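Chemist: here's my sequence, what's the structure:
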Amino acid sequence: MSDWTTHTTGGIEYLERPGTGETIVLLHGIGSQAMSFTPLLAHLPRTARVIAWNAPGYGGSEPLEDDWPEARDYAVKLRDLVDALELKAVTLVGHSLGALMAASFAARNTNRVARLVLASPALGHGMMRGAGLSSAAQARIDDLERLGAEDFADARSAKLVHDPEAHPEAVAIVRDAMSKVRLPGYAQAARMLAAGRLLDDAERLAVPTDVIVGAGDVVTPPEGARRAHAAIPARARGTLTIVPDAGHALYQQAPAAFAAALEQEPAPVK
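Modeler: Numbers count the residues shown, from 1 in each chain. Reported below is the predicted structural model:
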């Protein structure tokens, strides 16, 4: 039994663990879902209020109306959720594709974010919206349509874990979340990834922002995290943490190290 309770508001499903301290909002990646943050929950401060959303088109959340959304479209839905829950200044954590959403939100809603954490950040493929998809994004959609969610998860989940043979429990968690993705939500997210430009939003950030990545991440390698970190204005740029012996599924494979990075005091904005 986890400490989560499930709620829905404005067409968005989210999990919550109540708390009286800071509010931590968690945004999952393209092949995941809110429940994938369960291994991290035990390592977060017990006083923290923790909210993990199912992005539009995931879990019980309604898909977006636009078949080719941009990161800011997800940021609008996140703003609706933050408003509905009357959240003030949150610690916002975006993992992988969720980093694109989180950066877009923080760049446009500075007063609603006390701290931003970009975890295993996907930089986006920088394609023109509405043009041909990048081959990587198209392959994701084609594979899901061809294989179905269960076989799709079997084919992709181990890649997200560093040394997967030695960490079958982490692979199982990743696989379980990935086996629940569905269309059209996954296809919308893949198109957003194709059009995404994280570095553009990173350059606009004015809130304390940290970056964390696994040293063994082959999906969003450390070099991309370094680029994201360097793009953040000096006044907002915090710590770059590279977690050894961890892959892309960072908060599942190394939840204690992930939580420790979150507990660092954010650098003050200069």
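Chemist: who's in contact with Glu263?
Modeler: In this structure, Glu263 makes contact with Pro45, judged by Cβ atoms under 8 Å, 6 or more residues apart in numbering. From N, CA and C alone the C-beta is placed, and that goes for glycine too.
Chemist: again, but for Leu116
Modeler: Counting by Cβ under 8 Å, 6+ apart, Leu116 has contacts 91-94, 102-103, 106, 205, 207-210.
Chemist: helix, strand or coil: sort out it for me.
Modeler: On the three-state scheme (DSSP: H, G, I helix; E, B strand; the rest coil), Leu116 is labelled strand.
Chemist: okay, the closest residue to Ala195 other than its chain neighbours: pLDDT?
Modeler: Computed as Cβ to Cβ, 6 or more residues apart in numbering, the closest residue to Ala195 that is not its neighbour in sequence is Arg129, at 4.5 Å. Confidence at Arg129, expressed as pLDDT, is 85.
Chemist: on that earlier part again, in helices only, show me the contacts of Leu116.
Modeler: Residues from the contacts of Leu116 lying in helices, with DSSP state H as the criterion: 102-103, 106.
Chemist: can you pick the most crowded of those?
Modeler: Note: the member of the ones in helices among the contacts of Leu116 with the most neighbours is Ala103, at 32 neighbours, neighbours being other Cβ atoms under 10 Å.
Chemist: my read: that residue touches Leu198, true?
Modeler: Yes - with contact defined as Cβ atoms under 8 Å, Ala103 counts as touching Leu198 (5.7 Å).
Chemist: what's the overlap in contacts for those two?
Modeler: Common neighbours of Ala103 and Leu198 are listed as 71, 118, 121 (criterion: Cβ under 8 Å, 6+ apart).
Chemist: top of these by neighbour count?
Modeler: Counting neighbours by other Cβ under 10 Å, Leu118 comes out on top of those with 33 neighbours.
Chemist: beta partners of that residue?
Modeler: Partner residues in beta bridges with Leu118: Gly94, Val211, with DSSP bridges as the criterion.
Chemist: wait, it touches Ala103, no?
Modeler: Yes - taking contacts as Cβ under 8 Å, Leu118 lies within contact range of Ala103: 6.4 Å.
Chemist: please enumerate the shared neighbours of these two.
Modeler: 94, 198, 202.
Chemist: buried stuff in stretch 56-63?
Modeler: Of all the residues in stretch 56-63, those buried under the rule 16 or more other Cβ atoms under 10 Å are 56-59, 61-63.
Chemist: check stretch 169-185 too.
Modeler: Within stretch 169-185, the residues scored as buried using 16+ other Cβ under 10 Å are 170-171, 173-175, 177-181, 185.
Chemist: list just the nearest of those to Arg146.
Modeler: Val181 (13.8 Å; Cβ to Cβ).
Chemist: show me what contacts the closest one?
Modeler: Contacts were defined as Cβ under 8 Å, 6+ apart; by that measure Val181 touches 30-31, 33, 58, 144, 149, 152-153.
Chemist: make JSON lines out of those residues and add distance to Thr47.
Modeler: Shown next, in JSON lines, are these (distance: Cβ to Cβ, whole Å):
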{"residue": "Ile30", "distance to Thr47": "31"}
{"residue": "Gly31", "distance to Thr47": "31"}
{"residue": "Gln33", "distance to Thr47": "25"}
{"residue": "Tyr58", "distance to Thr47": "28"}
{"residue": "Leu144", "distance to Thr47": "39"}
{"residue": "Ala149", "distance to Thr47": "37"}
{"residue": "Phe152", "distance to Thr47": "38"}
{"residue": "Ala153", "distance to Thr47": "35"}
